[in-house]
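>>> Just to be clear, the model below is a prediction. Sequence and coordinates:
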Amino acid sequence: MNSYDYLRSRYFSLEDQLREYELVDERQAQAEALVRTASDQVRNIEKKSKGAELSLENGEKKLRKAESSTIRKLVNREKYDVKVEKWRSITQDDRKALKYLHEELDARKRNRACAQEALEQAKRQVASRNQLDKQRKELLEQAFQGLGGDAAETHWEAERRTLRLVYEESVKRSDEQAKGLRYLEKAKEQMATGHERLRHALNYNTVDLFSGQGGLLSLYASAQTNQSMREAKQLHEQAQSSFEEAVEINPDIPEAQAAVINFSSFLSFTNIFIDGVITDFVVRNKVNKAIKESAMALKRVNAAHAHQISFCAELRAAVKQDRINLDRAEEALERERVRLIHQWVY
């Protein structure tokens with residue numbers, strides 16, 4: 001027996017085994033439906049049981065109240081309160097109804113457990129079937145390695161090879177642009193945080209302006225203003241670096257210089273040691289200018305981020321379509337090879 005005959009024999013053996021699993025998908029679907037139905041029934045009965053428990057609790061309270069009222073009336077030699085019998089009858093009926101619901105709930109839970117066990121068994125069978133089918137496809141691939149098929153088989157083999165390259169390139173490009181999107185998300189977060197630090201700097205500058213000159217509060221506000229500005233500048237520089245990484249991945253991102261802000265000197269030394277109204281107003285003007293530039297840059301980064309999100313969505317859709325095309329070619333090639341392996345005998 002040559003290698004082809006051996007592979008062909010093993011292939012037919014796997015086909016025979018797979019016939020035993022023809023209905024496993026249907027069985028799994030049925031088991032899943034049974035589990036859903038049993039779970040719904042359990043939830044409904046649990047809900048009814050809670051209602052019955054509340055009704056019983058309410059009836060028992062009214063019964064105790066009626067019994068207490070009857071005792072007082074008997075002590076005072078008044079007429080017997082007939083409400084006692086009424087609520088006693090109601091509570092007895094509620095207890096019976098609750099007992100019945102508990103029994104039904106236990107039965108439904110047992111049914112659900114059986115359905116879940118059947119589902120697990122069906123899943124194991126599906127897994128076994130998938131493993132056998134994988135082995136069958138591998139044998140089919142091995143049987144035709146180095147073996148020339150007919151024109152149809154040759155066509156679909158070439159088609160599969162081409163579509164696989166297209167799919168792999170599509171996945172690679174999508175993954176790369178997703179990396180660019182992560183850089184933009186990072187830039188957006190850093191830019192927003194830096195913008196917030198600029199607002200903090202403006203608030204501290206306001207405190208500095210109205211706290212009087214040369215006092216401890218003024219010195220503290222000046223120091224906090226400068227610290228917030230330094231942090232904002234650092235965050236915006238990090239955002240620019242992240243944005244440049246994204247642009248390197250996708251040069252077509254709009255506003256390629258979106259994260260650029262021209263930070264000038266903020267007179268930090270002068271603002272603390274030569275504190276005065278003029279210095280505070282100079283710093284304030286610089287902070288306001290930086291806030292405006294930061295807001296515009298953040299707007300452009302958001303636009304670039306939205307553009308990249310849309311672009312990545314298009315690439316994911318292309319990957320999905322390329323995968324569908326590849327699957328179709330693989331199915332067509334498999335059908336042709338199955339036909340040939342049943343037809344050819346060497």
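Happy to help now that I have it. Residues are numbered from 1 along each chain as shown.
>>> The longest helix along the chain packs against which elements?
Ranked by residue count and defined by DSSP state H, the top helix of the chain is helix 277-343. Contacts defined by 3 or more CB pairs under 8 Å, 6 or more residues apart in numbering; DSSP states H and E place helix 277-343 against helix 83-143, helix 151-210, helix 216-249, helix 268-273. All C-beta atoms are positioned from the backbone trio N, CA, C, and that covers glycine.
>>> Next, format those helices as a markdown table and append mean pLDDT.
What follows is these, written out as a markdown table (pLDDT from 0 to 100):
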| stretch | mean pLDDT |
| --- | --- |
| helix 83-143 | 89 |
| helix 151-210 | 91 |
| helix 216-249 | 86 |
| helix 268-273 | 41 |
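>>> Quick one: closest of those to Phe281.
helix 151-210 (7.6 Å; CB to CB).
>>> What is the neighbour count of Leu235?
Neighbours of Leu235 under the rule other CB atoms under 10 Å: 21.
>>> circling back to that earlier point, can you give me the angle the longest helix of the chain makes with helix 83-143?
70 degrees (axes from the mean of the first three to the mean of the last three CA atoms, to 10 degrees).
>>> my read: Pro254 touches Ala303, true?
Yes: the pair Pro254 / Ala303 is scored as a contact, 6.3 Å apart, by CB atoms under 8 Å.
>>> re the thing from before, just put the helices and strands packed on helix 277-343 in TSV and tack on distance to Ser9.
Below are these laid out as TSV (distance: least, CB to CB, whole Å):
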stretch	distance to Ser9
helix 83-143	10
helix 151-210	20
helix 216-249	52
helix 268-273	84
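>>> quick one, which of the ones you listed is packed in tightest?
Compared across the helices and strands packed on helix 277-343, helix 216-249 shows the largest average neighbour count, a mean of 19 (mean count of other CB atoms under 10 Å).
>>> what packs against that helix?
helix 151-210, helix 268-273, helix 277-343.
>>> rewinding a little: angle of the longest helix of the chain against helix 216-249?
Using the same axes, to 10 degrees: helix 277-343 against helix 216-249 is 30 degrees.
>>> on that earlier part again, and Pro254 and Ala303? Which one has more around it.
Neighbours per residue, other CB under 10 Å: of Pro254 and Ala303, the larger number sits with Ala303, 14 against 11.
>>> what about the residue lying closest to Ala143 once chain neighbours are set aside, which helix or strand?
Nearest in space to Ala143, with sequence neighbours left out and distances taken as CB to CB, 6 or more residues apart in numbering, is Leu7 at 4.3 Å. Taking DSSP states H and E as the definition, one finds Leu7 inside helix 3-19.
>>> elements contacting the very next helix or strand once past that helix?
Once helix 3-19 ends, the next helix or strand along the chain (criterion: DSSP H and E) is helix 24-75. In terms of contacts (3+ CB pairs under 8 Å, 6+ apart), helix 24-75 is packed against helix 83-143.
>>> Quick one: list the elements packing against the helix it packs on.
helix 3-19, helix 24-75, helix 277-343.
>>> want to throw those into CSV with mean pLDDT?
Listed next are the helices and strands packed on helix 83-143 as CSV, based on pLDDT from 0 to 100:
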stretch, mean pLDDT
helix 3-19, 86
helix 24-75, 85
helix 277-343, 89
